[in-house]
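Trainee: my questions concern the predicted model and sequence given below.
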Amino acid sequence: MAFVSPVNQMIFTLSQMANYSDLEESEIWPELNINFIKSLLEEAAKLADSEIAPLNQIGDQEGCNFSNNEVKTAPGFSKAYKKFIDSGWAGISGPSDKGGQGMPITIAVLIQELWNTSCMSFSLCPMLSQGAVEAINQHASEEIKLTYLPKLLSGEWTGTMNLTEPQAGSDVGSLNASAKKLEDGSFLIKGTKIYITYGEHDMSENIIHLVLARIEGSPEGNSGISLFLVPKFLPDENKNFNVRNDLKCIGLEKKLGIHASPTCTMSFGDNKGAIGYLIGEENRGLNCMFTMMNNARLNVGMQGVGISERSFQQALGYANERIQGKDYNSNIENNKRTEIINHPDVRRMLLEMKSLTDATRALCYDNAIAIDLGKSHTDDDIRRKNKLKADLLTPISKSWSTDIGVIVSSIGVQVHGGMGFIEETGAAQHLRDSRIAPIYEGTNGIQAIDLLTRKISLNNGEAIQNFIQEISETKDNCIKSNNSNLKQIGKNLSESLDDVKIATDKILEWLRNEDKKFEVLQNAAFYLELLGIVAGGHYLARGALNNLKNDNESIKIDIAYFYCSSYLLKAKGLSKSICGGNKMINEKDFKKIVEVF
């Protein structure tokens, strides 16, 4: 089954499940309407379906080639990227005064989903560039913006993020990369960075590295880190960028998945030092980098959505073609063999894949809308509330959506049976590719800790209380409906929302008690999963309500009913585990267990 971009599903999710009306009614972007967005997606889908999607399996099999410090991408990638930039997709949400199209982040997220779904390895290149644009636009000097943003926004140049070092992963404060200030205000950068996505490749004319390093004499730890722009090619006296900077790729990682995305080890300053330019203030580099990382975290959440969609489409196609066993819906004496989609357990798996994909898509879209309104709405109170909501939803979008990506792609392998374990079908690739998303851009464990220690207590808990109220309105509307299935959806959603309230009160109680820090941290992942699951029920229920209102069809009600009668019920166990059942073994007993092995 060939991949087809799910444009109609995306439009329904945006308009009927997320809070798109708030974005349209804000009139911040007067040209924005659903018909315009649909036509935009249909145009992007042509490139995604015909040019990028066919590269997915080729890229997985061929990977990248590394020789003499240079990287050659998989066959077809460079050509597809040229079509990508010629079509003008690189600068969708970039500032219009620097060459971008000035559209909201929401539109960029929608478009990014198409690249994610068609080929996750390909999508990483424009995703990182988009983050680099955000960081430069918010924190760099006007001179740097004018020099670098137009080419980044056209896609002729690409961007990277250089944080990690062999001894400094999530603990960024222990990095060793150094920066020495020169008389002209530039810096000499020296150090080694690892896991640099698209750190070297043959798809663009220049690569703009954003590098965290410590200026000589700066404090140790996070407070002494600065951010630098370090281009692969520097300008000559005529401002042509053809002077090679003192940086190079010294190796490519061999990875479980995303084989076509070059994951590089980069060496800066093997000779005199790589020339770099300060972004933002000295020793405030993490603040600047978090601009890029927060942008990337939602986009990584969308990778979870994309890999789920691709896995579902492939599993559905296989289930419609694979003939095994008899049809249990036919006469017991009729031993006619049937397609596996007619088997109840296969249908259950496909429904689980579909409902989880739809739920995470809606969560991420609503997150993007909150980001846009939190940045740009003219009403101070609306802007503040949406900023709180965006802060709350971002770690959930990143973590829950990527965890679901792994779950859905694993189910996809199961639907294929033995053929899912064979590389020939491509189902295994989706599972392998999905596994990186819960790890990079801040592991899901770190996202969960951020949610509990910072986000749910924002403004004395206003962010989480506002979201609980939003979900409560959805369950009330379901319960008031004349449709019996919607009433049951509302009842289940109500009970699960009570579970969230109980767990939230317990977490907030622990947060007020310094002696309960261990309890907070040990339950972080469970609480994030709880919120994700209940948020998923909320968005699916909204889709069901609006589907009934608009065209009286039952498909969205059926999907929501399945989810809220199965997956949503996990909320009860998570809440109980958080509030009492999840008692981790103390350090002394834990050591005894470890010593046994």
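Mentor: Arrived safely.
Trainee: domain ranges for this structure, per the record?
Mentor: By the assignment in automatic domain parsing, the chain contains the domains 53-87+119-283, 445-597.
Trainee: mind listing the helices for the stretch 251-400 of the chain?
Mentor: Assigned helices in the stretch 251-400 of the chain, in chain order: 285-321, 344-376, 380-416 (criterion: DSSP state H, counting those that start in this stretch).
Trainee: in terms of mean pLDDT, which of these ranks lowest?
Mentor: Comparing the helices of the stretch 251-400 of the chain by mean pLDDT, the weakest confidence falls on helix 285-321, with a mean of 92.
Trainee: just the angle for it relative to helix 380-416, thanks.
Mentor: 40 degrees (axes from the mean of the first three to the mean of the last three C-alpha atoms, to 10 degrees).
Trainee: most packed of the domains of the chain?
Mentor: Among these, domain 53-87+119-283 has the highest mean neighbour count (mean count of other C-beta atoms under 10 Å), at a mean of 19. Backbone N, C-alpha and C define where each C-beta goes, glycine included.
Trainee: off-centre distance for that one?
Mentor: Remark: domain 53-87+119-283 is offset 20 Å from the chain centroid, using C-alpha atoms, centre = their mean, to the nearest Å.
Trainee: pull stretch 276-293 out as PDB, backbone CA atoms only.
Mentor: What follows is stretch 276-293, C-alpha atoms only, in PDB (Å, rounded to 0.1, in the frame of the first residue of the first chain):
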ATOM      1  CA  GLY A 276      32.000  31.700  15.900                       C
ATOM      2  CA  TYR A 277      29.700  34.600  16.700                       C
ATOM      3  CA  LEU A 278      28.000  35.100  20.000                       C
ATOM      4  CA  ILE A 279      24.200  34.700  20.000                       C
ATOM      5  CA  GLY A 280      22.500  36.600  22.800                       C
ATOM      6  CA  GLU A 281      24.400  37.500  26.000                       C
ATOM      7  CA  GLU A 282      27.500  35.900  27.300                       C
ATOM      8  CA  ASN A 283      26.800  33.000  29.800                       C
ATOM      9  CA  ARG A 284      23.100  33.000  28.700                       C
ATOM     10  CA  GLY A 285      23.500  30.400  26.100                       C
ATOM     11  CA  LEU A 286      21.000  27.900  27.600                       C
ATOM     12  CA  ASN A 287      18.300  30.500  27.500                       C
ATOM     13  CA  CYS A 288      18.900  31.000  23.800                       C
ATOM     14  CA  MET A 289      19.200  27.300  23.100                       C
ATOM     15  CA  PHE A 290      16.000  26.500  24.900                       C
ATOM     16  CA  THR A 291      14.200  28.600  22.200                       C
ATOM     17  CA  MET A 292      15.500  26.100  19.700                       C
ATOM     18  CA  MET A 293      14.800  23.100  21.800                       C
END
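Trainee: neighbouring contacts of that stretch?
Mentor: With contact meaning C-beta atoms under 8 Å, 6 or more residues apart in numbering, stretch 276-293 is reached by 131-132, 134-136, 138-140, 144, 161, 163, 172, 179, 185-189, 210-213, 215, 218-219, 222-230, 441-442.
Trainee: repeat for stretch 163-180
Mentor: Residues outside stretch 163-180 that contact it (C-beta under 8 Å, 6+ apart): 187-196, 211-216, 220-222, 225-226, 228, 268, 273, 276, 286, 289, 442-443, 446.
Trainee: how about the domains of the chain in JSON lines, adding mean pLDDT and distance to Q414?
Mentor: Output for the domains of the chain, formatted as JSON lines (pLDDT from 0 to 100; distance: least, C-beta to C-beta, whole Å):
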{"stretch": "domain 53-87+119-283", "mean pLDDT": "96", "distance to Q414": "18"}
{"stretch": "domain 445-597", "mean pLDDT": "90", "distance to Q414": "16"}
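Trainee: I'd like those domains laid out as CSV, including distance to D433.
Mentor: Below are the domains of the chain laid out as CSV (distance: least, C-beta to C-beta, whole Å):
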stretch, distance to D433
domain 53-87+119-283, 4
domain 445-597, 20
